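S.K.: Give the three-dimensional model of this entry:
(chains A and B, ligands or ions: 2)
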Amino acid sequence: MNMLAKSFDAVATAPVISLRGVRKKFGGHLVVDNLSFNVGRGEIVTLLGRTGAGKTTVLNIIMGTMRADAGAVSVAGADPYGEFKSLKGKLAVAFQTDRLLPWRTAVENAELGLLILGIDRKIARAKAIECLASVNLAGSEHKRPHELSGGMRQRVSLARALAVDPELILLDESFSQLDHVTSRSLRADFCKVARQFGKTCLIVTHRIDDALEMADRVIVLGPGARIMLEMPLAEARLNEQTREQCRAQIETALGGHNEDDNN
Amino acid sequence: MQTAQDRAIATESEPPPDGGRAAALFKFVVTRPSIREAGATVVVVLILLAAMQIASWYVPDYIMPSPEAVSGAIWRLAHTDYFHVLATLGRLAAALSFSLVAGVLLGLVMALSPLLRPFVRSLVVIDTGIPALSWILLAVFWFKNPEKRIFFILVMILIPFYALSIYDGFRALPKDLVDMIESFRPSQWQTLRYLIVPHLVPYVILTTKSVIGYATRMVIFAELVASAIGVGSRMGLAQSTFHMDEVLAWTFFLVVLNIVLQLLVTAIEKAALGWRQEAAVR
Ligand SMILES: Nc1ncnc2c1ncn2[C@@H]1O[C@H](COP(=O)(O)OP(=O)(O)O)[C@@H](O)[C@H]1O
Ligand SMILES: [Mg+2]
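M.R.: Ligands and ions are numbered 1, 2, ... in the order given. This next block holds a predicted model:
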């Protein structure tokens, strides 16, 4: 009943991401087995699962860089693979590693997406500077990637994604390579900006903390990207007790002992 | 006079006693690689000059002239033959820039067209196997105009270096960065402009750095055989008229030219590739 109500809700507000019965095989290995879920506008959803669960594969299918073997995929109303170019400017990605262009300064990296969108240089530069400031990088605009720490580089890569003002932001383990303190402050800064501008985010991670601190909703994926658990987390972000209950539930869904940080 | 560095060393430890100052200076010199190398170069040059001087006392001038005679020849040639130097440098610049552009284009064709790749690749590989001497001899028969001859020889020798280097550079394009830029859905032109070209710039510069000495030797060699103008032909003339002082004067000029060209390319490398941390440190 609840599920039905939710899906009506989602139709009413037109989900930004919609997957229906998506499958993907590599060789004989079924990596994504009949996956369906929606992400509504302005929602921050975490896709949580162990390494090898198929999270990155799902993300590639949503990005449109990989084609699903079966099922229907819709992102911002378009088929991300078949209508690849039509999503220009509508989605942005931050990856596990910063993927900055080493010959460009922080601000030149942050404005890359805007330049690709054909936005006027001056406007792009101003917007990039603003986005760097929003992730606490004011003052480092003209440093090159090799002059920045790992955390700062990841901030630049988040600013690069935010700068194009996309309908959808995809993060693939963007906080996983940083130490706990750095990744916590980065998560907080990112969420603040994302919520402020009502961005729709799909955050792929294997760390429970990423979900508990950022998400409105978590989808726990088991082997074959099968959904093991799906639950709202808005409460858990605010209430310590609920958070620990949710953590326990997620750990059970992930199955057995949780080796959090060996990625 | 005490330099700043001297003082730094003096304050590092106890003030050195008498004679210790010289030891400290000695230590300073032998532990600084740049100073040590410059010093070694000076020593080697002095030994060579001394050897020339001594040899010139025992053999006739057309075998080994004295350093004084050679410096006289340098002075003389600087006034009469600068046109030949300009001709040589012009030929070098023209052939190098053309080879750069053509080689980069061929490299891009190899990288971007799977259909043409095997053909262009075999062509380039065959070309690298053809000795410079063959091109020189062929050019003399194929072209009447000396400029055409020299341009052809150099270009045939240099193009494959650029083509292969660009192709290698293209294959070394990090997949991560390609996926990143693809996620913004750029046009092909934008991918070329924002990712591929900047990624390939170091390959072009480092190729230029490694071929420029070779190219200089080849232009001299080609001039010797194929032209009446230029440093190479002047060296040939000096040799056939027993002017060994002029041959050595030209040789001295070529050594200096080589150093200057290397410094020039290194300066360009530093300016253009400052972002490559390793390059900056090196
Ligand atoms: N391009 C590919 N070719 C073959 N196998 C792949 C490919 N991409 C992923 N896989 C396999 O699919 C499974 C899931 O990978 P991935 O989606 O990267 O998982 P996750 O991101 O959850 O760690 C792994 O077993 C991996 O080896
Ligand atoms: Mg992954």
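S.K.: State the distance from B:Ile196 to B:Leu177.
M.R.: 10 Å (CB to CB, to the nearest Å). Using the backbone N, CA and C atoms, a C-beta is placed for each residue, glycine as well.
S.K.: and if you look at B:Thr216?
M.R.: 36 Å.
S.K.: Same question for B:Lys209.
M.R.: Distance, B:Lys209 to B:Leu177, using CB to CB: 24 Å.
S.K.: again with B:Val231
M.R.: 45 Å.
S.K.: Chain B contacts on the stretch 1-150 of chain A?
M.R.: Selection of the stretch 1-150 of chain A residues close to chain B by CB under 8 Å from any CB of the partner chain yields A:63, A:65, A:84-85, A:87-89, A:91-93, A:95, A:97, A:99, A:101-104, A:112-113, A:115-117, A:144, A:146.
S.K.: State the number of residues packed around the nearest residue to B:Val219 once chain neighbours are set aside.
M.R.: Leaving out its chain neighbours, the residue that sits closest to B:Val219 by CB to CB, 6 or more residues apart in numbering or on different chains is B:Leu92, at 5.0 Å. Neighbourhood size, B:Leu92 [other CB atoms under 10 Å in any protein chain shown]: 22.
S.K.: Could you chop chain A up by domain?
M.R.: Domain assignment of chain A by automatic domain parsing yields the ranges A:15-90+A:171-258, A:99-165.
S.K.: can you give me the end-to-end distance of the shortest one?
M.R.: Spelled out, it's domain A:99-165. Using CA to CA, to the nearest Å, one end of domain A:99-165 lies 19 Å from the other.
S.K.: picking that back up, comparing B:Ile196 and B:Leu177, which shows the higher neighbour count?
M.R.: Taking other CB under 10 Å, B:Ile196 and B:Leu177 do not tie; B:Ile196 has more neighbours (20 against 17).
S.K.: For the more buried one, give me phi and psi.
M.R.: The phi/psi pair for B:Ile196 (degrees, to the nearest 10) reads phi -70, psi -50.
S.K.: cool, and B:Gly213?
M.R.: Torsion angles, degrees, to the nearest 10, at B:Gly213: phi -70, psi -40.
S.K.: just to revisit the earlier point, for the helix or strand encompassing the residue nearest to B:Val219, packing partners?
M.R.: Assessed by DSSP states H and E, B:Leu92 sits inside helix B:82-112. Under the contact criterion of 3 or more CB pairs under 8 Å, 6 or more residues apart in numbering or on different chains; DSSP states H and E, helix B:82-112 touches helix B:117-129, helix B:146-171, helix B:197-226, helix B:231-240.
S.K.: Select the helix or strand of the chain having the lowest average pLDDT value.
M.R.: You didn't pick a chain, so chain A it is. helix A:2-13 (a mean of 52; mean pLDDT, DSSP states H and E).
S.K.: Which neighbours in the sheet does the helix or strand just after that one have, and how are they oriented?
M.R.: Remark: after helix A:2-13, the chain's next helix or strand is strand A:17-26, criterion DSSP H and E. Using DSSP bridges, the strands paired with strand A:17-26 are strand A:29-39 (antiparallel), strand A:70-75 (antiparallel).
S.K.: I'd like to know which of those is closest to ligand 1.
M.R.: strand A:29-39 (4.0 Å; CB to the nearest ligand atom).
S.K.: how about that closest one: buried residues?
M.R.: A:30-35, A:37-39 (16 or more other CB atoms under 10 Å in any protein chain shown).
S.K.: got it, and stretch A:93-108?
M.R.: A:93-101, A:103-108.
S.K.: ok so, going back, now the strands paired with strand A:17-26 as TSV including mean pLDDT?
M.R.: Shown next, in TSV, are the strands paired with strand A:17-26 (pLDDT from 0 to 100):
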stretch	mean pLDDT
strand A:29-39	94
strand A:70-75	94
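S.K.: and these as a markdown table, adding distance to A:Leu202?
M.R.: Converted to a markdown table, the strands paired with strand A:17-26 look like this (distance: least, CB to CB, whole Å):
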| stretch | distance to A:Leu202 |
| --- | --- |
| strand A:29-39 | 6 |
| strand A:70-75 | 10 |
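S.K.: Any chance of those strands in CSV with distance to ligand 1 as columns?
M.R.: What follows is the strands paired with strand A:17-26, written out as CSV (distance: least, CB to the nearest ligand atom, whole Å):
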stretch, distance to ligand 1
strand A:29-39, 4
strand A:70-75, 15
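S.K.: thinking again about what came up before, let me have the helices and strands packed on helix B:82-112 in JSON lines, extended by mean pLDDT and distance to B:Ala40.
M.R.: Shown next, in JSON lines, are those (pLDDT from 0 to 100; distance: least, CB to CB, whole Å):
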{"stretch": "helix B:117-129", "mean pLDDT": "93", "distance to B:Ala40": "35"}
{"stretch": "helix B:146-171", "mean pLDDT": "95", "distance to B:Ala40": "31"}
{"stretch": "helix B:197-226", "mean pLDDT": "93", "distance to B:Ala40": "20"}
{"stretch": "helix B:231-240", "mean pLDDT": "93", "distance to B:Ala40": "28"}
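S.K.: What residues does the stretch 51-200 of chain B have near chain A?
M.R.: Residues of the stretch 51-200 of chain B lying close to chain A (CB under 8 Å from any CB) are B:176-177, B:179-186, B:190, B:194-195, B:198.
S.K.: residues contacting A:Gly54?
M.R.: A:24, A:31-32, A:221, A:223-225 (CB atoms under 8 Å, 6 or more residues apart in numbering or on different chains).
S.K.: Following element in sequence after the helix or strand containing B:Leu48, please.
M.R.: Taking DSSP H and E as the definition, one finds B:Leu48 inside helix B:33-58. Counting by DSSP H and E, the next helix or strand C-terminal to helix B:33-58 is helix B:67-80.
S.K.: Show me which residues of that following helix are buried.
M.R.: By neighbour count on 16+ other CB under 10 Å, the buried set for helix B:67-80 is B:67, B:69-71, B:73-74, B:77.
S.K.: try stretch B:215-223
M.R.: B:215-216, B:218-223.
S.K.: can you list these in TSV and add distance to A:Leu59?
M.R.: Formatted as TSV, the buried residues of stretch B:215-223 follow (distance: CB to CB, whole Å):
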residue	distance to A:Leu59
B:Ala215	49
B:Thr216	53
B:Met218	53
B:Val219	55
B:Ile220	59
B:Phe221	58
B:Ala222	57
B:Glu223	61
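S.K.: now, among those, which is nearest to chain A?
M.R.: Minimum distance to chain A across these is 26.8 Å, recorded for B:Ala215 (CB to the nearest CB).
S.K.: quick one, what contacts the closest one?
M.R.: Residues in contact with B:Ala215, defined by CB under 8 Å, 6+ apart, are B:92, B:95-96, B:154, B:157-158.
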